[in-house]
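Q: 3D model of this:
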Amino acid sequence: MSMFVNLYVEVLGELSRLITGRIYTDEQIKTITSSAVGKYFTDFFPTPKDEQAVKEKVNAAREHISAASTIIFEMQDNLESQSKSLEHLLTEIEEKRKLAERYETLAKTNKQEFTAFREEMEMSLRKELEEQAAKGRRLRQFASLFLWLVTLVAGAALGAYFRDIVGLLQAAMVQQ
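A: The predicted structure follows:
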């Protein structure tokens, strides 16, 4: 049974050393440093204060690493968004460049060809307008003549009977 107890103690000691990160137990450090040869190695073994300082430094380093990784992730996100906006700008620039090339091609068109094209368009447009005007010309002339005659007759009648009409209107107003 003592063999199991010794084995159990050794396993627990090894586990505690693995968990705490210590290579030697406190008893082992005391036995080594108390011997005549061990006194020369005393400075190489950590003291509890040194161990606490090391743990604090490790924790501080972990905090710094997590803060640095957060900053790096933020910078990566920022760079990705800038990359997307730059790609969008590049596509817009490419579209505008193509449009500028198209306008440049149009501007380089020979002036004689453009002048001939313009004159042909003017002639065809003029011809079309003349045809449309000629379609209803007789009907418009007849309607205009009819309205002119109606206006002439109405004006002559009004001029001839103006005094009589004004007198009738005054008499109608007086009776009311």
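Q: Look up how far Gly159 lies from Gly167.
A: Distance, Gly167 to Gly159, using Cβ to Cβ, to the nearest Å: 15 Å. C-betas here are computed from N, CA, C, even on glycine.
Q: where does the protein dip in pLDDT?
A: In the predicted model, the chain carries pLDDT under 70 at residues 1, 12-13, 15-26, 28-51, 109-112.
Q: which element is Ser124 on?
A: helix 111-135 (DSSP states H and E).
Q: roughly how far out does that helix sit from the chain middle?
A: Counting by Cα atoms, centre = their mean, to the nearest Å, helix 111-135 is centred 47 Å from the centre of its parent chain.
Q: Give the next helix or strand downstream of that helix.
A: The helix or strand immediately downstream of helix 111-135 is helix 137-160, counting by DSSP H and E.
Q: continuing past that next one, what's the next helix or strand?
A: Using DSSP H and E, the helix or strand that follows helix 137-160 in sequence is helix 162-175.
Q: Pull that following helix out as CSV, backbone CA atoms only.
A: C-alpha atoms of helix 162-175 as CSV (Å, rounded to 0.1, in the frame of the first residue of the first chain):
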residue,chain,number,x,y,z
PHE,A,162,-76.2,98.3,-80.9
ARG,A,163,-78.4,101.2,-79.7
ASP,A,164,-81.5,99.0,-79.7
ILE,A,165,-79.8,96.3,-77.7
VAL,A,166,-78.4,98.7,-75.1
GLY,A,167,-81.9,100.2,-74.7
LEU,A,168,-83.5,96.8,-74.2
LEU,A,169,-80.9,95.9,-71.6
GLN,A,170,-81.5,99.2,-69.7
ALA,A,171,-85.2,98.7,-69.7
ALA,A,172,-84.8,95.1,-68.4
MET,A,173,-82.6,96.3,-65.5
VAL,A,174,-85.0,99.1,-64.6
GLN,A,175,-87.9,96.6,-64.3
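Q: List the contacts of it.
A: Helix 162-175 has contacts (Cβ atoms under 8 Å, 6 or more residues apart in numbering) with Leu158.
Q: Can you give the distance of it from its chain's centre?
A: Computed by Cα atoms, centre = their mean, the chain-centroid distance of helix 162-175 equals 79 Å.
Q: Hey, what's the angle from it to helix 137-160? Just curious.
A: If you take axes from the mean of the first three to the mean of the last three Cα atoms, to 10 degrees, helix 162-175 sits at 60 degrees to helix 137-160.
Q: What is the burial count for Glu119?
A: Counted with other Cβ atoms under 10 Å, the neighbours of Glu119 add up to 10.
Q: With Leu139 instead?
A: 9.
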